[in-house]
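Undergrad: Build me a structure from this.
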Amino acid sequence: MLRLAVIVLLLANAGYYAWSQGLLKDWGFAPEEQAEPQRMDQQIRPETLQILRVTPGKASSSLPSSPSSSAAPAGPASADASAISSSSAPSTPPSADTAECLQAGVFDERQAEALRTAAASLPQGSWVLDPTPVPGRWMLYMGRFEDQEALDRKRAELRARKVDHDRAGGTLELGLSLGRFTSKDAAERELANLGTKGVRTARVVQERPDTAGFTLRLPSVNDALRPQLDALRTAMAGKTLRTCG
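TA: Numbers count the residues shown, from 1 in each chain. Next up is the predicted model:
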């Protein structure tokens, strides 16, 4: 069986070779010829075609100059121009110190005097103490009570009437505050309102009079000035510098 397969394969190869070489053309077995005679028929006056010889010298002179050769001389000039423009361009100036305005306060007259002494070592014009008047404060006051027991009874009475209150503090002890106000008129209006709740013994007192105050302002604090501000810490009485606003 294997011998038969080999014989068939050899006969097939021999037949393909004879067909591809045109040996079987007389029997009508041959590959199709790859020719296009119709293209020859489409030629127009082929006899007028002439082959001319070109002289090498004339050919080179007649060729147009290449863009690279014509542009080459401009290279150094453009490079020189760019070098001149880059050298003449102004250099970017270094960024300046970022300065900010800082302030602290309010300080009373005694604290302001201590600040003036401490700030004397700073550059002239780097600081200023702006007058900042502190308005007085008014209180709705009940008291002064004879003892703590009397104070506690009044607290219980106010809680029953749902009236807010707290300790008066300072020289007004033993007493109660029913509210603090920035003006006497505002305090008197609230006193009239509390009268509708049964409050009868409260009165308006001035807890603090109008006083002079000062705000420390440093309008332009930069990197050079910041380290020098440590000289002010003791005189600032616990207050801290903040952004001006």
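
Undergrad: Setting aside sequence neighbours, what's the nearest residue to Asp147?
TA: Nearest residue to Asp147 in three dimensions, chain neighbours excluded: Leu174, at 7.3 Å (Cβ to Cβ, 6 or more residues apart in numbering). C-beta here means a position set from N, CA and C on the backbone, and glycine is covered the same way.

Undergrad: these two touch, right, the one you found and Glu149?
TA: No - between Leu174 and Glu149 there is no contact under Cβ atoms under 8 Å: 10.2 Å.

Undergrad: If you count surrounding residues, which of those two has more?
TA: Neighbour count, other Cβ atoms under 10 Å: between Leu174 and Glu149, Leu174 has more, with 15 against 8.

Undergrad: Identify all contacting residues around stretch 158-178.
TA: With Cβ atoms under 8 Å, 6 or more residues apart in numbering as the test, stretch 158-178 has contacts from 139-148, 150-151, 154-155, 179, 190, 194, 197-199, 202, 205, 207.

Undergrad: List only those of these flagged as buried.
TA: The neighbour count (16 or more other Cβ atoms under 10 Å) marks 139-143, 145, 151, 154, 179, 190, 194, 199, 202, 205, 207 as buried among the contacts of stretch 158-178.

Undergrad: C-terminal to the helix or strand that contains Leu176, which secondary structure element comes first?
TA: Take DSSP states H and E as the rule and Leu176 turns out to sit in strand 175-181. Counting by DSSP H and E, the next helix or strand C-terminal to strand 175-181 is helix 184-195.

Undergrad: Give the residue spans of the protein that score low on pLDDT.
TA: 28-43, 46-47, 49, 54-97 (pLDDT under 70).

Undergrad: ok now do the residue nearest the centre of it, which residues does it touch?
TA: In the chain, the C-alpha nearest the mean C-alpha coordinate belongs to Thr98, at 16.3 Å (Cα atoms, centre = their mean). Applying Cβ under 8 Å, 6+ apart to Thr98 gives the contacts Asn222, Asp223.

Undergrad: Then Met139?
TA: Counting by Cβ under 8 Å, 6+ apart, Met139 touches Ala168, Leu172, Ser177, Leu178, Gly179, Arg180, Phe181, Ala187, Val204, Val205, Gln206, Glu207.

Undergrad: Please name the bridge partners of it.
TA: Beta bridges link Met139 to Arg180, Val205, judged by DSSP bridges.

Undergrad: and it, how far is that from Ser177?
TA: Distance check for Met139 against Ser177: by Cβ to Cβ, to the nearest Å, it reads 5 Å.

Undergrad: And for Thr171?
TA: Thr171 is 13 Å from Ser177, by Cβ to Cβ.

Undergrad: Same check on Pro209?
TA: The value you get for Pro209 to Ser177, if Cβ to Cβ is used, is 17 Å.

Undergrad: Also Leu115?
TA: The value you get for Leu115 to Ser177, if Cβ to Cβ is used, is 32 Å.

Undergrad: of Thr171 and Ser177, who's got more company?
TA: A count of neighbours by other Cβ under 10 Å puts Ser177 above the other of Thr171 and Ser177, at 20 against 8.

Undergrad: how far away is the closest residue in space to that one that isn't next to it in sequence from Met139?
TA: Nearest non-adjacent residue to Ser177, counting by Cβ to Cβ, 6+ apart: Ala168, 4.7 Å away. Applying Cβ to Cβ, the value for Ala168 to Met139 is 7 Å.
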